[in-house]
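> the sequence and its predicted three-dimensional model are supplied below.
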Amino acid sequence: MAEKKLEGFFGPKKIPNNPYMKKKTKNKNKQATREKLAILILTLLYLVLALVNLGNTKGPVNGWTPQKAGSPVIVEFEQEETIERITFLAGLGDTWYNVTALDLYYKDQSGRYEYFATLEKGASKFLKWLYLNLEEPITTDSIKVVSGIYQDPEENFIRGTRGEIMEVCFFAQGEQEPIAIKSLTPTNPYLDESATNLFDEQDLFVYEPSYMNSTYFDEIYFPRTAYEFLIGNETIYENTHPHLGKIIIMWSYKIFGVNPFGYRAMGAIAGALMIPLMYALGKKLFKNHYLAMVAAALLCFDCMHFVQTRLGTVDSYLVLFIMLTFYFMASYLDMDLRKTSYIKTLVPLFFSGLFFGCAISVKWIGFYAGAGIAFLFFVKMYMEWKSFGYGRIVHGGKALAARNTLLTCIICIFFFIAIPAVIYSVSYTPIFQIQSAAIDGQKFTIAEMADNIIASQKHMFSYHEGVTQDHPFKSSWYSWPIMYRPVYYYSAPIKAEGQWGTIVSLGNPVIWWTGVAALIGTAIVSIKKRDKRGLFIFAGYLSILLPWAVAPRSITFLYHYFACVPFLILAIVYMASYFMYGNSKIKKYVNLYVLLSALVFAAFYPAMTGVKVSVEYIELLRWLPSWWF
């Protein structure tokens, strides 16, 4: 059976040309269904794994924000109890730092209240359960809670009383359920009825704070600001990144509630969506279901992908949008513009520009990806210009080629500059809504909003330029491919005897370390074969990595490499396809490689999820001397 081959950007496209097309089409449809089912199953399995133990689905929603120090509330127990532990949930408040303190007094045998402890909500504490173990347990049937003033021990300007405490739980000696409360009585001199909110949701108690019920790492920024958007709070805490990612978390709150699952769920879903997207990208480049499945499976088993997408930050959305940007650019690159309707050629460009706008509206790293897609676009334009005179263009010749090329470039100014600019500006909508509400609903003019956005960009640049303080887990961009220093996100605040709960952001060593060799191999092979798939891979990889060499921010972390990982995996698959060409026996080694990646993923699972395991097991996972978690 003869086949006619058309040369696409990513290699030849096979087009059947035989009289039995119906039979072939039927078989092809069955195969397509099996392929879709395979990637659907992989995606669902990953989604289930990502959502399991992601975080509690319920948490206290009412709290107390003292307006002044000295407001007391009397807590009466059913009977005399010996208190050993106190847990309390830090909420928001109505100031920037939102700090506060609660002074605790117990009623002694004479009926007098004696001071015994202070609950402190310091800066950078939001939706986080804190605990206090009493060195000397106290026995009483009544506690007086009085709003106090928090003073930061290092920064004198961090001082206040108007931070929110959402719930306080007292635990008797040897018990893991809170002591039952008989009555609550706010009293003078500064009567505040809302003080009873400290004890109104005792059924949602937490005995042992952990990542399941509390924020950790950079979740102090993005979920807090998303919550401020949700309630229209006048103070906007995180203002060093564009706001689309925080808007997505705000919608996650609306869907799943204000709780740990709520501010993490959308990120986990975005991580799951990357799996079929990785498959589609692999299928686009390699025209092969097996190789596309390998690409999807490797992303599924990458440790950083798993950790970052389960964290309540915005990197999940950033990487998803970058992948979509490159996918649609790949769709355009692989089109035969000579045999495709001109309008159809604009569709993938439109979506590439749309998702580019979404990416830059999450983090500025999206701009880095823009350099890669611009490079690929102009390579395509150059190739088409050189090849005029074939197919559709043969009737118009060079004039038609010039017209279409020029028109496409003009339209792309709209797709890749105007549309992203609109998306970026619209991401500031919550800011303008909050500011407008603060001035009695007065609307801003377009010029005023533009000035506000420009001022915000200057502030953001100044902030990142000024990030120079030292950090134990910082790392330089050139060390990221070998994972010289992972980022230690979480350590269980209460450690069981001989056990450790930890969450660390690092890649799968099998994938990342072999990926370095694959990148070198891809460069050599693609240059030798003049294979533009290598050009695509490196356009994505280097456009995201290299800007960090000159970025104004001097403190960088391994997770900044996250957006490079899909292209690293494509390089691995590229080399697998190279070795498999004409040698089917190599396939079994590829299968073993994927299996090994899955086993290493499973081995690191406790260190990615905070599951408590023995300290000795965690120590076995520290494969390099520079690894600490």
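Happy to help now that I have it.

> report the distance from the top helix by length along the chain to the chain centre.
Identified as the longest helix of the chain according to DSSP state H is helix 21-51. Offset of helix 21-51 from its chain centre (Cα atoms, centre = their mean, to the nearest Å): 27 Å.

> now for that helix, which elements pack on it?
Packed against helix 21-51 by the contact rule (3 or more Cβ pairs under 8 Å, 6 or more residues apart in numbering; DSSP states H and E) you find helix 260-286, helix 289-300, helix 303-310. Just so you know, the C-beta spots here come from the backbone N, C-alpha and C atoms, and that holds for glycine as well.

> could you list every helix and strand that the first one packs against?
With contacts defined as 3+ Cβ pairs under 8 Å, 6+ apart, the packing partners of helix 260-286 are helix 21-51, helix 222-231, helix 244-256, helix 289-300, helix 303-310, helix 315-333, helix 532-545, helix 565-580.

> redo that, cut-off 6 Å
The contact analysis (3 or more Cβ pairs under 6 Å, 6 or more residues apart in numbering; DSSP states H and E) places helix 260-286 against helix 21-51, helix 244-256, helix 289-300, helix 303-310, helix 315-333.

> just the second one next, same as before
Applying 3+ Cβ pairs under 6 Å, 6+ apart, we find helix 289-300 packed against helix 260-286, helix 565-580.

> before we move on, back to that, would you reformat the helices and strands packed on helix 21-51 as CSV and include mean pLDDT and mean neighbour count?
Below are the helices and strands packed on helix 21-51 laid out as CSV (pLDDT from 0 to 100; neighbours: other Cβ atoms under 10 Å):
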stretch, mean pLDDT, mean neighbour count
helix 260-286, 97, 24
helix 289-300, 96, 24
helix 303-310, 97, 25
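
> distance to residue 100 added to those helices, as TSV?
Shown next, in TSV, are the helices and strands packed on helix 21-51 (distance: least, Cβ to Cβ, whole Å):
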stretch	distance to residue 100
helix 260-286	22
helix 289-300	43
helix 303-310	30
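
> surely residue 421 forms part of a helix?
Yes. If the criterion is DSSP: H, G, I helix; E, B strand; the rest coil, then residue 421 is within a helix.

> grab the nearest non-local neighbour of it.
Using Cβ to Cβ, 6 or more residues apart in numbering and skipping residues adjacent in sequence, the residue nearest residue 421 is residue 357, 7.5 Å away.

> now residue 115
Counting by Cβ to Cβ, 6+ apart, residue 105 is the residue found nearest to residue 115 once chain neighbours are left out, at 5.2 Å.

> what ranges do the helices span in the stretch 401-550 of the chain?
Under the criterion DSSP state H, counting those that start in this stretch, the stretch 401-550 of the chain contains helices at 419-426, 429-438, 446-465, 509-529, 532-545.

> do you know which of those helices lies nearest residue 480?
With Cβ to Cβ as the measure, helix 532-545 is the member of those nearest residue 480 (7.6 Å).

> which strands and helices sit next to the closest one?
Helix 532-545 packs on helix 365-386, helix 509-529, helix 565-580, going by 3+ Cβ pairs under 6 Å, 6+ apart.

> tell me the buried residues in stretch 169-185?
Of the residues in stretch 169-185, 169, 170, 171, 172, 178, 179, 181, 184 count as buried by neighbour count, 16 or more other Cβ atoms under 10 Å.

> now that stretch: how far from the chain's centre is it?
On Cα atoms, centre = their mean, the centre of stretch 169-185 falls 37 Å from that of its chain.

> ends of it, how far apart?
16 Å (Cα to Cα, to the nearest Å).

> not counting sequence-adjacent ones, nearest residue to residue 424?
In space, residue 424 is closest to residue 361, 4.8 Å off (Cβ to Cβ, 6+ apart).

> state the phi and psi torsions of the one you found.
phi -90, psi 0 (degrees, to the nearest 10).

> can you pull the contacts of it?
Neighbour list for residue 361: 242, 244, 423, 424, 427 [criterion: Cβ atoms under 6 Å, 6 or more residues apart in numbering].

> any figure for the gap between it and residue 423?
5 Å (Cβ to Cβ, to the nearest Å).

> among the helices and strands packed on helix 260-286, which is nearest residue 81?
Between residue 81 and the helices and strands packed on helix 260-286, the shortest gap by Cβ to Cβ is with helix 244-256, which sits at 35.6 Å.

> check what pLDDT the residue in the chain sticking out farthest from the centre gets.
The C-alpha centroid of the chain is most remote from residue 110, which lies 55.3 Å away (Cα atoms, centre = their mean). Residue-level confidence at residue 110 comes out at 92, pLDDT.
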